[in-house]
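# I'll drop the sequence and a predicted model, then ask my questions.
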Amino acid sequence: MSEKTYVGKNVPKLDAREKACGQAVYAADLQLPGMLYGKIVRCWDHAHARVLKLDLSDAAKVPGVVKVLAPKDVTQKNYNTGVLDLMVPEEMGQLLGDIEDQRIFTDHVRHQGDAICGIIAESEEIAEIAAGKVKVLYEPLPVYLSAEESARPDAFQFDERKPGNRAFQLPEQMFPGNAYGWGDVDVEMAKADLVVEETFYLPKVKQCQMEPHAYVAHYDQTGRLNCWTSTQMPKCVQPKLARLFELPISRVNLISTTIGGGFGGRLGMVFEPETCAMALAVPGRPVKVQSTREEDWIASESRHPGKYWIKLGVKKDGTPVAVDAHFTSNAGAYFSHSSGVPFTTGGWLTGMYKYGAIRYKGDTYYTNQAPSGAFRGYGNPQTNFALEQIVDRACTELNIDPVEWRKKWHKGVGDDGWCIGVPYSSCALDECLERGAEAIGWKEKRARYANQSGSKRRGVGVGVMTHTSGAMPMLLEHTTCTVKMNEDASVVITLSCSDLGQGSHTVLKQIAADTLGMPMDEIHILVNMDAAGFDIGSHASRTTYVGGGAVIKACEDVKRQLIERAAIRLGVPEEDLEIKDRQVFAKHDRDKRLSVMEICHTGVYNFTNPENGETNGVPGQITGYASHFPGHNSPPFGACFAEVEVDIETGEVKVIELVIAHDIGRAINPMAVEGQLQGGAHQALGMTLTEETCYTEAGLCRNNSFTDYKMLGPTDMPKMTTILVEQPDPIAPFGMKSVGEAGPVNPVGATANAISHALGIMFTEAPITPERILQALSEQKVA
Amino acid sequence: MSSRVLPQFDLLTPQSIPEAVAMLSQHQGQVSVLAGGTDMLLWNYIRKVKPTYLLRLSGLDELDYLNYIPGEGLIIGAKVKIVQLLEHPDVAEKFPALYQAASTFATPQIRNMATVMGNVLRGSPAGDCSCAILALGGQVVLQGPQGERLVGIDDFWVAYGVTERKNDELAVELRIPEPTSTTRSAFIRMTRVHEDLAKINVAVCLEMKQNTCQRARIAMGCVGPILVRLKQTEKLLEGQQITGELLEQLAASAQEEIAPIDDQRSTEEYRRQVAGVILRRVIEKAVGTH
């Protein structure tokens, strides 16, 4: 690793100061002249119903109401909030069976919170008063809350294109038997000395980003639809809105606002369609739509809940001869990510260990829960809960150390990655396991906690993971970047990569500063959708890896031009020049030099001497550009160790410590990497221990706020030790690998395994609440 | 429907207690009293109650006092915030159950705003300070058009969210009796995460003579529509030496005496399972053997 000024350093986040001072401007803070307020009227009393009659007359009469919008008053086109249609070729989308099944306002309520009409008024208060005067006559329809219920032959059919309410299964044409993997699972499984099999239940967990969804839209006097949004994917939402409203892409403009957390919750469209439909109804006047936390909860997407059946066959020595697995997920009310999540969930399974044979099936069923969609990890936490626990069960039965088993059987360099056919380029999991085990005191504690008495029982557990750095080759991977050199040699980087708060813009600036050899504070990042080229969006742990790759290439383009011009001015061949300390030097004659500033300045202020016609430099402002398609996905690995204490009289779990060792390749900003791991661990512990969106039998959400949906608070968090294992990836820029989505994955398995170690009971249902623990303990008397 | 907009109401700001009582009399049954506002301003409360008038105590600084009077006990004015209990040295020393309830109460931000009286008036079976006060005993002082009246805490809560306070009365003070040198008290609660409402809570106040409990008050929350005293269990405890065997009997008795339900925070079954455990633990905590 060559010495860098910024890369590898704990550079504070660019947005930290303004966020801490409350000065960051979010969409909800925007005030535009003449702005109106939109209210999406939602169905709160039914999870499944037909609107027989919608009477907006009283609402329209409320003074200050500008317009009321029934379903027929907006576009009749359907849409899908997800963005898979832009990320795979059309034929692939057809093969996967992706459909558009959402309407802006619907007369068929498919989940509590479905939007039925809209009110536009002079104030938010008026819009709300009018919303209260909307009269709706509903015909209740049967409510289905699980795949088992909606898959019944006599069940109401949600969509004629999806018989049996099965929104998705792995397509037969691509995967014979609707499964992927390798080898003959039935034959190999028969060779196993031990077969362990279990069905795990995964909860519906919410992203809980701090900023509830809020938007402003304005159909302006030039006939352009402008939308202020904190989307993770501005360049994808733009064409999706264009298609939905049948406008050319050039007439849709996205303005990215400060993003108050994403975690997948802002992947694709959320309430942009409703907001833009309202703006189109009142041309010339901006419309703001803000959602409450409760609305955000019941009407935007969550992680896919479901059942995860897994069967593992092993030899006496631990050799994993076969795995058979089937994830049946709950899509909720609309298609959305119905193909993407169950498809990908198996990738994290097949990518982890060297099974002799494996067969993975994944499918999705419609229900009347709020739609499921993208959430940090995209199927990986679900796989982790099932896979890491079933592995530990086999290890326990065979008396094999779980760490040693993982060291022996995890995949590594040259093995097929999560995408079969794309081999791993690097793997530091052994070092993660060794350093993590050392840090938590694995061997000593495993032995010490094997025999305990008393009301408090300790346990230690391990969980490993692999993820990806960008979604190549499964999905389109493309980021563009422009680097403009100003006359004072300061730099403006224009791109459309979103910073969700994870620090991606900080990291991209560090990368640019070191590539250009310029100080960070003379580099600015401009995120403007008219100025910036394409980017597929901030998802799939890709922004540093792919966005960083684009920044490096665009900066290299600038350097090439600087050298080209210096070569002319100095009379030195380009190959003999190098850039250092903001100077272009002749390698063999340090006196021959030209400052970067002079090249940039004379490029802009390029004067011609009227006497001799000579200019003072090479004319033209320098701009570097890259349109970057990464050649790989350099997957990271990680090992997490958890220590817990379970009170066997109350079932309460206290997480004592987490040690998270992550194979980062090279940390561009170690502090930011640690932040990602710790924040991710917080979400993982929530899914494992406390978080679940619950419904009544009628399908109404029982906990649509933080009063009754409990995330861990600061005082609930354990001591966390993060270990960044830096073995640079040979392919990746700077050797870096991703961390964004890794965080919420393996603390899930590690914590579940630690509880299992403490009690000798494996919990198949998450969250593992004190109620479930005490029930299990009363059924299975603990010594 | 969920909303970002407060409903319409008229705001009343009396400048004296008699003025406040007069306003309550004038608009009987249409007034909600606002002190810390931590409960009142939650959408799920104010939108359910839809008061015509909101009477705020901001002009009544005479209700902001917290005094320990030797020989009498603790006097808590209606505007005293939870955090003030934590800052008063005598509360920690003389009323450990109340101090312990206050110290785990909600979040620091809420402790800085919420009042002790508000917790009592809310009439929730999950109230932590209320649970401690029920165990410690005491009285609520109500000021009405006919003057002052005192209601014992045992009789103050009549149903979920309903108290003995009449519509024209202002609750002005809480009185908690002086403990003796042999009084021992403690509070324990269980929650889903630290910053949460209780799924079950318990407080005890015991008169001890060496290891013998002479008199006992046991209060438990989230095991019925209002906070309850476990009187049968108290009887089992009184006059007895605290032994492991007795604690097991008390635990069994507590399980019998409660009537919990399933809700979002826990289940009936679980509450029954742990009621005895936390009772045992809170007694041990009070007498110092935990």
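Received, thanks.

# can you name the next helix or strand after the host helix or strand of B:Ile176?
Counting by DSSP states H and E, the element that carries B:Ile176 is strand B:170-177. Counting by DSSP H and E, the next helix or strand C-terminal to strand B:170-177 is strand B:183-190.

# list the neighbouring strands of that following strand plus their orientation.
Take DSSP bridges as the rule and strand B:183-190 pairs in its sheet with strand B:200-209 (antiparallel).

# the residue in chain A that chain B sits nearest to: how many residues sit nearby?
Nearest residue of chain A to chain B (Cβ to the nearest Cβ) works out as A:Glu294 at 3.6 Å. Bear in mind the C-beta positions are built from the backbone N, C-alpha and C, glycine included. Counted by other Cβ atoms under 10 Å in any protein chain shown, the residues lying close to A:Glu294 total 20.

# just give the nearest non-adjacent residue to it, would you?
Of all residues not flanking A:Glu294 in the chain, B:Ser2 sits nearest, at 3.6 Å (Cβ to Cβ, 6 or more residues apart in numbering or on different chains).

# what about the one you found, neighbour count?
B:Ser2, neighbours per other Cβ under 10 Å, totals 20.

# ditto for A:Gly284
10.

# would you mind listing what in the stretch 101-250 of chain B touches chain A?
Within the stretch 101-250 of chain B, the positions adjacent to chain A are B:107, B:190, B:192-197 by Cβ under 8 Å from any Cβ of the partner chain.

# okay, B:Leu150 and chain A: tell me how far apart.
Distance, B:Leu150 to chain A, by Cβ to the nearest Cβ, to the nearest Å: 34 Å.

# got a list of what that residue touches?
By Cβ atoms under 8 Å, 6 or more residues apart in numbering or on different chains, the residues touching B:Leu150 are B:139-142, B:175.

# checking the residue nearest to A:Glu294 next. Helix, strand or coil?
Assigned with DSSP: H, G, I helix; E, B strand; the rest coil, B:Ser2 falls in the coil class.

# sorry, back to before: secondary structure for the residues of the stretch 101-250 of chain B next to chain A - can I get that in CSV?
Formatted as CSV, those follow (three-state DSSP):
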residue, secondary structure
B:Thr107, coil
B:Met190, strand
B:Arg192, coil
B:Val193, coil
B:His194, coil
B:Glu195, coil
B:Asp196, coil
B:Leu197, coil
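
# got CSV for the residues you listed, with pLDDT too?
Shown next, in CSV, are these (pLDDT from 0 to 100):
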residue, pLDDT
B:Thr107, 92
B:Met190, 98
B:Arg192, 97
B:Val193, 97
B:His194, 95
B:Glu195, 93
B:Asp196, 94
B:Leu197, 95
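
# tell me the two of those that are most distant?
B:Thr107 and B:Met190 (17.1 Å; Cβ to Cβ).

# and these two? which has more neighbours close in?
Neighbour comparison, B:Thr107 and B:Met190: the larger count goes to B:Met190, with 24 against 16 (by other Cβ under 10 Å).

# where exactly do the strands run in the stretch 1-150 of chain B?
For the stretch 1-150 of chain B, the strands defined by DSSP state E, counting those that start in this stretch cover B:10-12, B:31-34, B:53-56, B:66-69, B:73-77, B:139-144, B:147-152.

# now those strands as CSV including mean pLDDT?
Shown next, in CSV, are the strands of the stretch 1-150 of chain B (pLDDT from 0 to 100):
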stretch, mean pLDDT
strand B:10-12, 95
strand B:31-34, 93
strand B:53-56, 94
strand B:66-69, 98
strand B:73-77, 98
strand B:139-144, 98
strand B:147-152, 98
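
# nearest to A:Gly362, of those?
strand B:31-34 (52.2 Å).

# neighbouring contacts of that closest one?
Identification of contacts with strand B:31-34 by Cβ under 8 Å, 6+ apart yields B:12, B:23-24, B:40-41, B:46, B:49, B:51-57, B:121, B:167, B:170-171.

# what about 6 Å?
B:24, B:40, B:49, B:51, B:53-56 (Cβ atoms under 6 Å, 6 or more residues apart in numbering or on different chains).

# so where's the stretch 151-290 of chain B uncertain?
B:289-290 (pLDDT under 70).

# all strands for it, in order.
Using DSSP E, counting those that start in this stretch, strands in the stretch 151-290 of chain B cover B:157-159, B:162-163, B:170-177, B:183-190, B:200-209, B:212-221, B:228-229, B:240-241.

# those strands into CSV, with extra columns for distance to A:Glu122?
What follows is the strands of the stretch 151-290 of chain B, written out as CSV (distance: least, Cβ to Cβ, whole Å):
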stretch, distance to A:Glu122
strand B:157-159, 43
strand B:162-163, 41
strand B:170-177, 40
strand B:183-190, 47
strand B:200-209, 48
strand B:212-221, 47
strand B:228-229, 51
strand B:240-241, 71
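
# so for A:Ile120, which of those strands sits nearest?
Checked against Cβ to Cβ, the stretch from the strands of the stretch 151-290 of chain B lying closest is strand B:162-163, at 42.0 Å.

# list buried residues within the contacts of strand B:31-34.
In these, burial by neighbour count holds for B:24, B:40, B:51, B:53-56, counting by 16 or more other Cβ atoms under 10 Å in any protein chain shown.

# which one among those residues gets closest to chain A?
B:Met40 (14.4 Å).

# what's the neighbour count on B:Glu169?
Around B:Glu169 there are 22 residues (other Cβ under 10 Å).

# one more: A:Glu487?
Neighbour count of A:Glu487, defined by other Cβ under 10 Å: 13.

# before we move on, what about B:Val287?
Using other Cβ under 10 Å, B:Val287 is surrounded by 16 other residues.

# so which residues of the stretch 551-700 of chain A form strands?
A:577-580, A:583-586, A:589-595, A:623-628, A:637-647, A:653-663.

# please apply the same query to the stretch 151-300 of chain A.
In the stretch 151-300 of chain A, the strands defined using DSSP E, counting those that start in this stretch lie at A:166-169, A:180-182, A:194-202, A:214-219, A:225-229, A:252-256, A:287-290.

# partners of the fifth one in the sheet?
Its sheet considered, strand A:225-229 pairs with strand A:214-219 (antiparallel), strand A:252-256 (parallel) by DSSP bridges.

# reformat the ones you listed as TSV; add mean neighbour count, mean pLDDT and distance to A:Val584.
Shown next, in TSV, are these (neighbours: other Cβ atoms under 10 Å in any protein chain shown; pLDDT from 0 to 100; distance: least, Cβ to Cβ, whole Å):
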stretch	mean neighbour count	mean pLDDT	distance to A:Val584
strand A:214-219	26	98	46
strand A:252-256	22	98	35
